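Need the 3D shape of this:
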Amino acid sequence: MKEKLQDERIDYNIGALNLEEVDADPLKQFSDWYAEYEKASPKDPNAFVLSTVDSDAQPHARVLLLKGVDQGGFEFYTNYNSDKGQDLANNPKASMCFFWPALERQIRIEGEVQKLSEAESTDYFKSRPHGSQVGAWVSPQSQEIESREFLENRAQEYMDKYPNEVPKPEHWGGYRLMPQKIEFWQGRSSRLHDRILYQLEDGAWKIGRLAP
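Residues are numbered from 1 along each chain as shown. Now for the predicted structure:
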């Protein structure tokens, strides 16, 4: 397998990223790239890897779905009692990474994370499908369970309990990552990729090019 992996390589040559052409606002640049990728690959364009660090300084990464870009930040939702929720309670800093292979692009975002208001979380919860609302009650996220049947039995229990309107659990809600750094990466030939970094300094975005 090692030899096979060593032979796996792609020469990126779809596009280029020039410092003179990017938007002064990284959230606008993100929105533009997102719209392009949404057209090129409609399957989960909002999927990203969220990385957090626990109290022992052990990093953890998992795939989530972005649910909004608002008030200068990037929004996602989860169970506050999950591993990621516990990590963020101990260390409210995180990174996000989007990889869009159809356009040979990557976006890395680093910053501080804050909880959304109860009203914001409730508004989003009400927009979810009924099954997803029930699922927020069913799963003791990140805890060990004895079987799949445990989940199925709890799902039926809460379906019976909430056949129509489902209240938002107190342990479930949203976060907003407020970026301090955003890097836009465009694959280029011979691994000489384009990397444009936005860095927040004294309330303003400084833009520069990084070596690949």
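
How confident was the prediction at the residue positioned nearest the centre of the chain?
The centroid of the chain falls nearest to Phe48 when counting by C-alpha atoms, centre = their mean (4.0 Å). On pLDDT, Phe48 comes in at 98.

mind checking the SS state of Glu3?
helix (DSSP: H, G, I helix; E, B strand; the rest coil).

go on, Phe184?
The three-state label given to Phe184 by three-state DSSP is strand.

Strands along the protein, start to end?
For the chain, strands defined by DSSP state E occupy the ranges 47-53, 59-65, 68-70, 73-79, 93-100, 105-115, 172-186, 194-201, 204-210.

would a markdown table of these with distance to Lys28 be doable?
C-betas here are computed from N, CA, C, even on glycine. As requested, these are exported to a markdown table (distance: least, C-beta to C-beta, whole Å):
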| stretch | distance to Lys28 |
| --- | --- |
| strand 47-53 | 18 |
| strand 59-65 | 21 |
| strand 68-70 | 10 |
| strand 73-79 | 14 |
| strand 93-100 | 16 |
| strand 105-115 | 13 |
| strand 172-186 | 11 |
| strand 194-201 | 11 |
| strand 204-210 | 11 |
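
looking at these, which one has the lowest mean pLDDT?
strand 68-70 (a mean of 94).

and that strand, what does it pack onto?
Judged by 3 or more C-beta pairs under 8 Å, 6 or more residues apart in numbering; DSSP states H and E, the packing partners of strand 68-70 are helix 26-40, strand 73-79.

how about the strands of the chain, which one is nearest Gln143?
strand 73-79 (9.8 Å; C-beta to C-beta).
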